[in-house]
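[1] Okay, here's the prediction I keep looking at, along with the sequence it came from:
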Amino acid sequence: MKLFFSLILLTFLTGCAGPGGVKPTAKRDDPPIPPPPPRVNVALDESLRATARDQINAALASDDPVIRTHGIEAAREALASGARAQILKALQDKEGIVRFAAAMATGELRLDGAKAILIKMINDPDANAQIGALFALHRLGDSRYSSGLEDALKSPDPNVRATAAFALGRLGEKSAIGILRLSLKDRAVEVRLQSAEALWRLGDEEGLKTLVGASLSGHPAHAMVALLALAGPHDTRINEHVRAGLESDYLEVKLVAARALGILGSDEAFVLARDTTHSPDIRQRYLAALALGAIARPDSQDILAPLLKDADPDVRVAAAAAILELRP
């Protein structure tokens, strides 16, 4: 599962609702999703892509820490090491959520020149930022402090435990499977789901079972986390489990399933994502943009372009990242 969107999903489970502060919409009774039109391999519009990069850079400089966080996540996905200076600068941001995202991006991209700052961040006042620093240091070859990630799984704060599980899954170290299996019994649902995602990412079938169960639970927030987590390892054996999300009563769940299927190489929910870009609901437009980015059809350019001017900054950042993910 990509870092971009993971933090948003965690907010569903801790009482917030992500972009726009809205909750999942009421149940719907929609007709079946029509098949996608034939793919048109148009040339990528470099001017549009430049505008998308500008939008991400604007997000990185936003006064809103949540938008800065989304900007870092989008930069990691779309700009990679090209955003090195901005990501390293964000390690010293005044907000913990931004420092955490920057540390995770530093580790994922293995950006050099950050070790001194990351070592200081081991004592960061924000526990999640500490976890990001431990993750990044390990990825940069310094494993002296990595045991702190397992220690964080014992934190009294369920958000910290969930973040620790999230980071352990991305380290790719199978030695973490044992302790993550114990966390599948955690009293907090967000910890159980993040532990399951980490285990599945590490190839453990216990994680898969938990995620499949959550995807079918009928709880929209849990299903959204589970569907995207199922797709994370790009294992097409789980396509049918993800496809079941398209039958959800909730449009948000369907859009996450559309994105997950895109990650798995299918554009079968392209029409759903395309049509939802016109939704009056901020979060639905946001999720539609992310789905189109994962589907990555170049003929999505004209669909995504208007979202770069959306009234909501979250939607603009998601659209910018999606445009830069499109491939001919």
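    Structure received.

[2] Let's see the pLDDT reported for T25.
    T25 carries a pLDDT score of 67 in this model.

[3] correction: A80
    pLDDT, A80: 89.

[4] what's downstream of the helix or strand of the chain with the lowest mean pLDDT, the next helix or strand?
    Using mean pLDDT, DSSP states H and E, the weakest-scoring helix or strand in the chain turns out to be helix 6-13, at a mean of 42. As assigned by DSSP states H and E, the chain's next helix or strand after helix 6-13 is helix 46-60.

[5] Tell me which other helices or strands that next one touches.
    For helix 46-60, the packing partners by 3 or more CB pairs under 8 Å, 6 or more residues apart in numbering; DSSP states H and E come out as helix 65-78, helix 84-90, helix 313-325. Glycine gets a C-beta too; all of them are placed from N, C-alpha and C.

[6] would you list the ones you listed in JSON lines and tack on distance to A129?
    Formatted as JSON lines, the helices and strands packed on helix 46-60 follow (distance: least, CB to CB, whole Å):
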{"stretch": "helix 65-78", "distance to A129": "12"}
{"stretch": "helix 84-90", "distance to A129": "11"}
{"stretch": "helix 313-325", "distance to A129": "21"}
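
[7] residues contacting L140?
    Listed by CB atoms under 8 Å, 6 or more residues apart in numbering, the contact partners of L140 are 106-107, 110, 112, 114-115, 118.

[8] Which of those residues fall in helices?
    Judged by DSSP state H, helices contain the following of those: 106-107, 115, 118.

[9] Among the residues you listed, which one sits closest to D249?
    Minimum distance to D249 across the ones in helices among the contacts of L140 is 37.8 Å, recorded for G107 (CB to CB).

[10] what does the model give the closest one for pLDDT?
    97.

[11] same question, the one 4 residues further on
    As summarised for this prediction, L111 has a pLDDT of 97.

[12] Not including adjacent chain positions, what is the nearest residue to it?
    Distance criterion CB to CB, 6 or more residues apart in numbering; nearest residue to L111, sequence neighbours excluded, is R84 at 5.3 Å.

[13] quick one: the one you found from A105, how far?
    Here R84 is placed at a distance of 10 Å from A105 (CB to CB, to the nearest Å).
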